[in-house]
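Visitor: Everything below, folded, please.
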Amino acid sequence: MENEDDYYYYNGNETFEAHENPYRVHQIVLEFFLLVLIIVGNVAVLIVIISEGKRSRMNFYIKNLAVADLLCGVFYVIPRIVFHFNNGFFGGNILCKIQEYLKNFGIYGSNTIMVAVSIDRLFLLLAPMGSLVARGKRPLVVCTLCWLLAAVISISGPIVFSYDGEVCTLNLSRDEITIYFTIIFVGVFVIPTLIIMGCYFTIAFIIWKVSHSSKGRQESNVLNPPQHSSLSNNSQTDSDFGSTITKAKMKTIKMTFVIAIAFVVCWSPYMIVNILNVYGYMMTTNEFFGIFIGSLLPLNSVVNPLIYAAFSVRVCRQFRSKLRRKLSASRSSRRTENVCL
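Guide: Next up is the predicted model:
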């Protein structure tokens, strides 16, 4: 790699100049399509949750995740569309820094909330009574901290990016770019992935252990019915813990697990290709490959609403029936008004 233009920069701009991109129109169409899906999907999630009127900690987290995905779509995808539509960036240095801050804010907000949801699901199993007591306050405090952390970390964008007269790009040397992206790779991808996977592996182990011990105790009780009150109490405790897992709503655990898997699947290619590229282990000038890799990050914001819809069929049906009733009532009132006139 002879110059800095060989890097797939983290800001999402490809390694080639805009006027040299033979896939410019295709990329604009693709990213506009992704933008529409992000906005429609996440706005729909917010409307469904708000109209449901159910105040639960999971709904609160999903609403914050939907807002983060919306920010990612607006501040990550739209600047890319404008960049390729105009064959460059003409906003000046101030707008460049504002753009990078807002872009990072949406991405980091989504990541931190994803980690918070995973920890919350684990906490729900380890301390179910504590989670019930803190149901009203904890999600608000956690999400506030997530957004504050994202706001602070996002300051790195305006610091390292600047306008060079043609594009908004990293104002760093080759070695500094390597250090910068290594920090991004570890802090934004590796650490969140390890925390998320660690939480769900622990959740899976707890569920397996409880179900295994409950099954073994049932078989033991059939052969040797408990005679002492202490044994009965232990059995009752395990039964209560097993019912707690049921009350923790396995469906939400499965849903957040699938969301976490989608995060890893969408982010892994982009981050791995970039870290290999900056260390010189993978050099490519294929424009189509750059388009594909750069489009994977917003794809995560497209997939999350689809996962929510797949795991919330009943809620979506109720929303559709409620919407039909409102439309029917509106038509009926209009007909009545026309008859009166």
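
Visitor: Can you list the buried residues in the helix ranked longest in the chain?
Guide: The residue-count maximum for a helix in the chain (DSSP state H) belongs to helix 92-126. Using 16 or more other C-beta atoms under 10 Å as the test for burial, helix 92-126 gives 96-97, 99-118, 120-125. Placement of C-beta: from N, CA and C, glycine included.

Visitor: Report the beta-bridge partners for Phe161.
Guide: Counting by DSSP bridges, Phe161 forms beta bridges with Leu170.

Visitor: Which residues are in contact with it?
Guide: Taking C-beta atoms under 8 Å, 6 or more residues apart in numbering, we find Phe161 in contact with 11, 96-97, 100, 168-171.

Visitor: now these in CSV, with pLDDT and distance to Thr252?
Guide: As requested, these are exported to CSV (pLDDT from 0 to 100; distance: C-beta to C-beta, whole Å):
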residue, pLDDT, distance to Thr252
Asn11, 43, 34
Cys96, 90, 40
Lys97, 92, 39
Glu100, 91, 34
Cys168, 84, 40
Thr169, 84, 42
Leu170, 86, 40
Asn171, 84, 44
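
Visitor: What is the nearest of the residues you listed to Ser268?
Guide: Closest to Ser268 out of the contacts of Phe161 is Asn11 (19.0 Å), distances taken as C-beta to C-beta.

Visitor: Pass me the low-pLDDT residue ranges in the stretch 51-200 of the chain, would you?
Guide: Within the stretch 51-200 of the chain, the stretches with pLDDT under 70 are 128-136.

Visitor: Do a quick rundown of the helices in it.
Guide: In order along the chain, the stretch 51-200 of the chain carries the following helices (DSSP state H, counting those that start in this stretch): 57-72, 78-85, 92-126, 128-133, 138-153, 156-160, 174-184, 191-223.

Visitor: circling back to that earlier point, ok, so of the contacts of Phe161, who is nearest Arg55?
Guide: Of all those, Arg55 sits closest to Glu100, with 35.8 Å by C-beta to C-beta.

Visitor: you'd agree that closest one is up against Cys168?
Guide: Yes. Look at Glu100 against Cys168 with C-beta atoms under 8 Å: they come within range, at 6.9 Å.

Visitor: Let me have the contacts of Phe161 in a markdown table, adding distance to Met271 as columns.
Guide: Below are these laid out as a markdown table (distance: C-beta to C-beta, whole Å):
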| residue | distance to Met271 |
| --- | --- |
| Asn11 | 14 |
| Cys96 | 23 |
| Lys97 | 23 |
| Glu100 | 18 |
| Cys168 | 21 |
| Thr169 | 19 |
| Leu170 | 16 |
| Asn171 | 22 |
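
Visitor: Please verify my assumption that Val273 contacts Ile293.
Guide: Yes. The pair Val273 / Ile293 is scored as a contact, 5.4 Å apart, by C-beta under 8 Å.

Visitor: What is the neighbour count of Met250?
Guide: Residue neighbour count, defined by other C-beta atoms under 10 Å, stands at 12 for Met250.

Visitor: which residues touch it?
Guide: Going by C-beta under 8 Å, 6+ apart, Met250 touches Ile207.

Visitor: one more time with 7 Å, if that's ok
Guide: Not one residue lies near Met250 by C-beta atoms under 7 Å, 6 or more residues apart in numbering.

Visitor: Right, I'll call it a day here.
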